[in-house]
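Novice: what would the 3D arrangement of this be:
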Amino acid sequence: MDRFQAMKVYMAVVDARSFSRAADNLALPRATVTTTIQSLENLLQVRLLNRTTRSVSLTPDGAAYYERCARLLGELEEIEASFRDVAQRPQGRLRIDVPTVIGRLILIPKLYEFRQLYPDVELVIGMSDRPVDLVQEAVDCVIRGGELLDSSLVARRIGSISFVTCGAPAYLQAYGTPAHIEDLQQHQAVHYFAARTGRIVDWDFVVDGQVRQIKVPGSIAVNDSDAYMDLALQGFGLVQAARFMALPYLERGALVEVLPQWRPETLPVSVLYPQNRHLSPKVRAFSDWAAQLFAQCPLLSGRDETYMPGDTGCTLPRPEGDALSVRALIEQCNRAEQV
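Specialist: Down below sits the predicted model:
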């Protein structure tokens, strides 16, 4: 018995809820469909279907077997499709998930370019700051920051985000400008915490090549991007924000960088996907496009040290009301997802 063919016949019977309709859909004799299901039940030694003169229904074992068949045959078809024509145009439904700020400020402004390149791909984009189970939620790939901890996933590095410590002029006038990391103990921070765990993310600095974590005092913590930056601009305290997010405010003087000689650790950014998706043309197309998007801008590729305001090599939008400690957001999303 061809087991894969038997699985297809079984799924056709379940979907049609009829042996006769399944036989018609498959262009097979009804007797062949009936014999195939009986042979499959004998092989598995379980009853898969309840049969009456008018209907066919699943047994509990049959439901579990159907779910596994659907997953297995779906993966098999995707693998075969990727090899049939390597140059084929990516097509079909592609479900991705990205941190809110990455989606809103990096992907969405450039998404029309992706649509022009791959018009046959139907995009379903989740933009949330919660952990995502790729398998259970049928997500094809995600963009996340940090090192890969889940061995069941494949990570493709597409960029690197650097961060800046900064504060509003009003705050610095009231509290002074820190000259050394130790001075931060006399300052106030606007903290960012994860909604899922409630844990506040410590700040860090690279000192003599070593990453040093610092707990900065603070009397307010938020987990919303707009609130985080609004509080910084109002002078509630210092923040550590992604440089690409803080740059518009730094350029116009609404924020001022402090401790520039000690920068926070950079955060690698990767496209993550299940191992069975690495041959998918649509996932590969999105991964290539995202990597190119990050590489085009010094602020997203780890080359921001050479970036000067007005550099035409960076085409990121410069919003008037958006900034965020992206480091905290992405790192928490990544850590929570991979635990």
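Novice: would you map the strands across the stretch 151-300 of the chain?
Specialist: Along the stretch 151-300 of the chain, counting by DSSP state E, counting those that start in this stretch, strands occupy 153-161, 163-167, 190-192, 203-207, 210-214, 220-222, 239-242, 256-257, 267-274.
Novice: now tabulate those strands in TSV and tack on mean pLDDT.
Specialist: TSV is the format used below for the strands of the stretch 151-300 of the chain (pLDDT from 0 to 100):
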stretch	mean pLDDT
strand 153-161	87
strand 163-167	94
strand 190-192	92
strand 203-207	92
strand 210-214	91
strand 220-222	92
strand 239-242	90
strand 256-257	96
strand 267-274	88
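Novice: winner for burial among these?
Specialist: Mean neighbour count (mean count of other CB atoms under 10 Å) peaks for strand 239-242 among these, with a mean of 28. Backbone N, C-alpha and C define where each C-beta goes, glycine included.
Novice: and it, what other elements does it pack with?
Specialist: Here strand 239-242 touches strand 163-167, helix 225-234, helix 326-338, going by 3 or more CB pairs under 8 Å, 6 or more residues apart in numbering; DSSP states H and E.
Novice: and the most centrally placed residue in the chain, how far is that from D97?
Specialist: The residue lying closest to the centre of the chain (CA atoms, centre = their mean) is V142, at 2.5 Å. Counting by CB to CB, to the nearest Å, the separation of V142 from D97 is 4 Å.
Novice: quickly list what's touching both of these two.
Specialist: V132 (CB atoms under 8 Å, 6 or more residues apart in numbering).
Novice: buried set for stretch 20-35?
Specialist: Neighbour counts using 16 or more other CB atoms under 10 Å place R21, A22, A23, L26, V33, T34 of stretch 20-35 among the buried residues.
Novice: go ahead and confirm the second one touches A16.
Specialist: Yes: applying CB atoms under 8 Å, one finds A22 in contact with A16, separated by 4.4 Å.
Novice: how does the protein divide into domains?
Specialist: 3-84, 92-156+267-301+328-338 (automatic domain parsing).
Novice: distance from the chain centre to the helix or strand containing S39, please.
Specialist: Assigning secondary structure by DSSP states H and E places S39 in helix 30-44. Averaging C-alpha positions (CA atoms, centre = their mean, to the nearest Å) puts helix 30-44 42 Å from its chain's average.
Novice: need phi/psi at A168.
Specialist: phi -80, psi 150 (degrees, to the nearest 10).
Novice: can you give me the distance of the closest residue to it other than its chain neighbours to V164?
Specialist: Counting by CB to CB, 6 or more residues apart in numbering, G235 is the residue found nearest to A168 once chain neighbours are left out, at 4.5 Å. Taking CB to CB as the measure, G235 falls 17 Å from V164.
Novice: those helices in the stretch 1-150 of the chain, which residues are they?
Specialist: Assignment of helices within the stretch 1-150 of the chain using DSSP state H, counting those that start in this stretch yields the ranges 3-16, 19-26, 30-44, 60-84, 100-102, 111-117.
Novice: give the contact list for V222.
Specialist: With the criterion set at CB under 8 Å, 6+ apart, V222 makes contact with V190, H191, Y192, F193, Y228, L231.
Novice: for it, give the beta-bridge partners.
Specialist: Y192 (DSSP bridges).
Novice: ranking the domains of the chain by mean pLDDT, which is last?
Specialist: For those, the weakest mean pLDDT is recorded on domain 92-156+267-301+328-338, namely a mean of 79.
Novice: need the contact partners of the helix holding S39.
Specialist: 1, 3, 5-7, 9-10, 12-13, 19-20, 22-23, 26, 47-49, 61, 65.
Novice: the residue nearest to A168 against Q188, yeah?
Specialist: No: using CB under 8 Å, G235 is not in contact with Q188, being 9.5 Å away.
Novice: highest mean neighbour count out of the helices of the stretch 1-150 of the chain?
Specialist: helix 100-102 (a mean of 21).
Novice: how about Y273, nearest residue that isn't a chain neighbour?
Specialist: Closest to Y273 by CB to CB, 6+ apart is C141, at 3.9 Å.
Novice: and that neighbour, how far is that from F114?
Specialist: 13 Å.
Novice: joint contacts of these two?
Specialist: F286.
Novice: list the contacts for G218?
Specialist: Counting by CB under 8 Å, 6+ apart, G218 has contacts Q188, A189, V190, H191, G237.
Novice: how about S287: what's its closest non-neighbour residue?
Specialist: Using CB to CB, 6+ apart, the nearest residue to S287 is V271, at 4.6 Å.
Novice: swap that for L231, please
Specialist: Closest to L231 by CB to CB, 6+ apart is V190, at 4.7 Å.
Novice: would you mind measuring from the one you found to W203?
Specialist: From V190 to W203 the distance is 11 Å (CB to CB).
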